[in-house]
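In: What follows is a predicted structure for the sequence shown.
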Amino acid sequence: MFRERLERLRARLIALIMPYLGQISRRIDPLLGQARGRYQKFEPRERLLVRIAAGLFGAFILYNVVYLPIVGIGAGLNDKIEQRQRDLSSIRRLAANYAALKGDLASAEHRTVPDNRDFSLFSVLEASLTSSLGHDKIASITPGSDRKLTDGFTEHSVQLKLQNVDLAQLVGALYAIGSMSQPVGISALRIQRRSENTHAYDVDLTCIALARNA
């Protein structure tokens, strides 16, 4: 079906072009005849020079009209292919970043504390550190202001000051915070050695918990 359409189109084009080709042929034929006559009058050496010139002219035409456009098309295709490959690499990187961010968000959603009146970060930290260190090692514990985050999350924070703790007690306190049943993290930690006892430390730390808004 497609081939038949092409044949019909070819026939129509030939029918349209033939009258013009006939006119051109009638105008060119006398000029060609004159050129043949002049060529026949040339000496053999002159004929050779004419043939060489015609060959060079034909090569020039082929180079500029046929070869260069084909090379240009090939170079353009290569440039387009390379650009598509770069675009594909960028899309893959964006997809990988999106998947990583989506995974981080899913992990953050699972590591949230209940956002209700029954939960108190202050209370759970005080109970855990009093049990692991003793009340005398807690110099102060101060609830921070809740901070509304994007995507419907609220960050709870508590400022803690521990005093006169040795290295084992500090490690135990950090382990107790990290192993709590509620997902509590540490956003800031400052350790200062006590001047009167180089084996004891004062510690300032900020504990945070992420709650998803209802």
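Out: Looks like it arrived, so ask away. Residues are numbered from 1 along each chain as shown.

In: the helices in this protein, which residues?
Out: 2-41, 44-61, 68-110, 121-132, 167-178 (DSSP state H).

In: worst average pLDDT in those?
Out: Ranked by mean pLDDT, these bottom out at helix 2-41, with a mean of 67.

In: Report the buried residues of stretch 192-207.
Out: Ala200, Tyr201, Val203, Leu205, Cys207 (16 or more other C-beta atoms under 10 Å). Yep, even glycine has a C-beta here, placed from its N, CA and C like the rest.

In: Tabulate those residues (a markdown table), appending pLDDT and distance to Gln192.
Out: Formatted as a markdown table, the buried residues of stretch 192-207 follow (pLDDT from 0 to 100; distance: C-beta to C-beta, whole Å):
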| residue | pLDDT | distance to Gln192 |
| --- | --- | --- |
| Ala200 | 88 | 10 |
| Tyr201 | 90 | 6 |
| Val203 | 90 | 8 |
| Leu205 | 90 | 12 |
| Cys207 | 88 | 18 |
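
In: can you redo those residues as TSV with distance to Asp79?
Out: Listed next are the buried residues of stretch 192-207 as TSV, based on distance: C-beta to C-beta, whole Å:
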residue	distance to Asp79
Ala200	69
Tyr201	64
Val203	61
Leu205	57
Cys207	56
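
In: taking those residues one by one, which sit in strands?
Out: Within those, residues falling in strands by DSSP state E are Tyr201, Val203, Leu205, Cys207.

In: Need phi/psi at Asn197.
Out: Backbone torsions of Asn197, given as degrees, to the nearest 10, read phi -150, psi 100.

In: and the residue lying closest to it once chain neighbours are set aside, what is it in contact with?
Out: Using C-beta to C-beta, 6 or more residues apart in numbering and skipping residues adjacent in sequence, the residue nearest Asn197 is Asn164, 7.4 Å away. Contact analysis of Asn164 by C-beta atoms under 8 Å, 6 or more residues apart in numbering lists Lys137, Arg194, Asn197, Ala200, Tyr201, Asp202.

In: same check, this time on Ser132
Out: Counted by C-beta under 8 Å, 6+ apart, Ser132 has contacts Gly172, Ala173, Ala176.

In: Write a PyMOL command that selects only the buried members of those residues.
Out: In PyMOL, a selection of the buried entries from the contacts of Ser132 looks like this (16+ other C-beta under 10 Å):
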select buried, resi 173+176
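
In: Which one of the contacts of Ser132 is nearest to Ala95?
Out: When the contacts of Ser132 are compared for distance to Ala95 (C-beta to C-beta), Ala176 wins out at 40.5 Å.

In: Enumerate every residue touching that closest one.
Out: Ala176 makes contact with Ser128, Leu129, Ser131, Ser132, according to C-beta under 8 Å, 6+ apart.

In: could I get those as CSV with distance to Arg84?
Out: As requested, the contacts of Ala176 are arranged in CSV below (distance: C-beta to C-beta, whole Å):
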residue, distance to Arg84
Ser128, 57
Leu129, 59
Ser131, 62
Ser132, 60
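
In: Could you identify the buried members of the residues you listed?
Out: Ser128, Leu129, Ser132.

In: mind checking how far the nearest residue to Glu126 once chain neighbours are set aside is from Leu205?
Out: Counting by C-beta to C-beta, 6+ apart, Glu126 lies nearest to Ile141, which is 5.6 Å off, once chain neighbours are set aside. For Ile141, the distance to Leu205 (C-beta to C-beta, to the nearest Å) stands at 10 Å.
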